[in-house]
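Q: Model the structure of this input:
(one chain, ligands or ions: 2)
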Amino acid sequence: KSEITNKLDNKIRVELDAADDLYEKKNYLNSKALYEEILLKYPYSPRALYGKANCLSKMAEIERSNQLLEESIRVFNLLVTAGDVPDQLLLTAGPELARLQTFRGWNTRAIKTHQLLADRFPKNISLKNQLGVSLLIAGQNTRAKTVFQQVLDIDKNNGFGNVHLGFIYKVENQDLEKAVKYLRAGLNSNAPGTIEGKFYFHLGDALVRLNRPDEARQVYIEGAEKGVLLSPDQRSLYNVNHLTGRPWWTVEQTGYSKYIKLLEDNWKIIRDEGLANMDVEKGVFLPESENLIETGDWKQFTLYARGRQDKRNCQRAPKTCSILQQIPDAIECSRGQVKFSVMHPGVHVWPHTGPTNCRLRAHLGLVIPPGPKIRVANDTRTWTEGEVIIFDDSFEHEVWHHGDSLRLVLIVDFWHPELSTKLRKQLTAI
Ligand code: LMR
Ligand code: MN
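A: Ligands and ions are numbered 1, 2, ... in the order given. Next comes the predicted model:
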């Protein structure tokens, strides 16, 4: 314990050790009382602050109390901002404080803590990496980029820094060459924290967009071999294990025949409501927003998302929504959407993969000229007016519209039929 004991604490180490003993015995209430007694005399005793904060955090956990958690955070904060705290103690208490702040949902404060640690130990790469991650989680990509760049300035081979810097370049979509360079270097390092599906996902995607599909394929194969992608073709990142995965499904295979029939029987009503909303100059059809198109114009009009109805849009398409209300497996699918999708001639959608293997995506053909087609894995198909096709969009798919007039479909995501009702309720929305 000498490493976490400063001069003052050394004088009172017998009392501190006694309080620590109670803590080890999980007697948090009495342990806390002892630390508090010490703090009465020595309000800035680092070890007493640390001990008290830990007791509070344990008690918060046991009692599931936010009040105790906040109290613990407050005491940890006193500690990390106090003077003369031994490095070893700061290095243990600081990350713990950040963890509690994140758990409490206080991302901004967690960033402050990480920043404080990174400033205090400027040569410590791991602390910089943790700061970078907390910035990324908060969506502060520009700051995160600077931090990971600093990591690489100190150690250009740092794997963790490389994958994250590459990841940021990729999502910025400005300099894909750099994204490839850093992601590749990071993955090659095999360092802890680098072998994750999302890094293979984005490295492959960057290569595809740089017209290097063969290299992308190798990356996907590697990701699948490492066990972080379901397969080279099925690259969703929010998955439930052991669900049947196949690119195209027949209606019978889904078990949703009666719902599919309902949609097909009513296709003209649905089509007319979709078209009526396209005439309106109100902009209810919104441009695709996930940066999936290479060329062309692709817009969507969303009726349900994440298992919730868009009330205003349903008022604009009431007949369609009243039909959909009869399809719980779709409208309650918190990992999917129901939306009209219009593609104009000239569209090319990059090969891409949806976020989850928990849904199957049905397309009801509404206005289908010759020309558009969709590839899912190795199998390219097209739409027919009044008919539903069903695919699993966790598999790579790509869309072209080489026709002369618009293509309109209704996209309906269904829960994967093998998911139990219980699990459907537990899964976080996407
Ligand atoms: C997709 O789901 O990526 C596309 O197939 C959507 C569409 O409108 O074809
Ligand atoms: Mn898609």
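Q: alpha carbons only for contacts and neighbour counts from here, please
A: OK.
Q: On the three-state scheme, residue 151 is what?
A: State at residue 151, reduced to three classes by DSSP: H, G, I helix; E, B strand; the rest coil: helix.
Q: Would you mind measuring from residue 10 to residue 238?
A: According to Cα to Cα, to the nearest Å, residue 10 and residue 238 sit 50 Å apart.
Q: and stretch 157-174, which residues are buried?
A: 157-170 (16 or more other Cα atoms under 10 Å).
Q: what's the answer for stretch 396-411, then?
A: Result for stretch 396-411 [16+ other Cα under 10 Å]: buried residues 396-403, 405-411.
Q: among the residues you listed, which are in helices?
A: For the buried residues of stretch 396-411, not one is inside helices, with DSSP state H as the criterion.
Q: Would you mind listing where the stretch 251-400 of the chain has pLDDT under the threshold?
A: For the stretch 251-400 of the chain, applying pLDDT under 70 flags the ranges 280-281.
Q: could you redo the last one with a cut-off of 90?
A: 279-283, 288-291 (pLDDT under 90).
Q: so what's residue 321 closest to, chain neighbours aside?
A: Leaving aside its chain neighbours, residue 321 sits nearest to residue 314 (5.8 Å; criterion: Cα to Cα, 6 or more residues apart in numbering).
Q: What is the burial count for the one you found?
A: A total of 16 residues lie near residue 314 under the criterion other Cα atoms under 10 Å.
Q: One more: residue 297?
A: As a measure of burial, residue 297 has 18 neighbours, counting by other Cα under 10 Å.
Q: okay, now the residue lying closest to it once chain neighbours are set aside: neighbour count?
A: Computed as Cα to Cα, 6+ apart, the closest residue to residue 297 that is not its neighbour in sequence is residue 344, at 5.5 Å. Counted with other Cα under 10 Å, the neighbours of residue 344 add up to 20.
Q: One more: residue 279?
A: 10.
Q: before we move on, what about the one 10 residues further on?
A: For residue 289, the number of neighbouring residues by other Cα under 10 Å comes to 10.
Q: Can you tell me the SS state at it?
A: Under three-state DSSP, residue 289 comes out as coil.
Q: how about it, phi and psi?
A: Backbone torsions of residue 289, given as degrees, to the nearest 10, read phi -120, psi 10.
Q: Same question for residue 243.
A: phi -80, psi 140.
Q: That one is in contact with residue 418, isn't it?
A: Yes. Here residue 243 reaches residue 418: they are 6.6 Å apart, a contact under Cα atoms under 8 Å.
Q: which element is residue 135 on?
A: Using DSSP states H and E, the element containing residue 135 is helix 125-137.
Q: contacts for that helix?
A: Helix 125-137 has contacts (Cα atoms under 8 Å, 6 or more residues apart in numbering) with 107, 110-111, 114-115, 117-118, 121, 141, 143-145, 147-148, 151, 154, 160-161.
Q: Would you write a PyMOL line that selects the buried entries of the residues you listed?
A: The PyMOL command for the buried members of the contacts of helix 125-137 (criterion: 16+ other Cα under 10 Å) is given here:
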select buried, resi 107+110+111+114+115+117+118+141+144+145+147+148+151+160+161
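Q: Tell me which entries of the contacts of helix 125-137 lie within helices.
A: 107, 110-111, 114-115, 117-118, 141, 143-145, 147-148, 151, 154, 160-161.
Q: Tell me who's in contact with the residue nearest to residue 297.
A: Residue 344 sits in contact with 296, 297, 298, 401, 405, 406, 407, where contact means Cα under 8 Å, 6+ apart.
Q: now the residues you listed as JSON lines including distance to residue 18?
A: Shown next, in JSON lines, are the contacts of residue 344 (distance: Cα to Cα, whole Å):
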{"residue": "296", "distance to residue 18": "71"}
{"residue": "297", "distance to residue 18": "70"}
{"residue": "298", "distance to residue 18": "68"}
{"residue": "401", "distance to residue 18": "74"}
{"residue": "405", "distance to residue 18": "80"}
{"residue": "406", "distance to residue 18": "77"}
{"residue": "407", "distance to residue 18": "75"}
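Q: Those in strands, which ones?
A: 298, 401, 407 (DSSP state E).
Q: got the phi/psi numbers for the closest residue to residue 331 other than its chain neighbours?
A: Nearest residue to residue 331, sequence neighbours excluded (Cα to Cα, 6+ apart): residue 307, at 5.5 Å. Main-chain torsions, residue 307, degrees, to the nearest 10: phi 80, psi 10.
Q: Look up how far residue 415 lies from residue 307.
A: Counting by Cα to Cα - residue 307 and residue 415 are separated by 10 Å.
Q: what residues are up against the closest residue in space to residue 415 that isn't next to it in sequence?
A: Of all residues beyond its chain neighbours, the one nearest residue 415 is residue 359 (4.5 Å), with distances taken as Cα to Cα, 6+ apart. Counting by Cα under 8 Å, 6+ apart, residue 359 touches 333, 335, 336, 392, 393, 413, 414, 415, 416.
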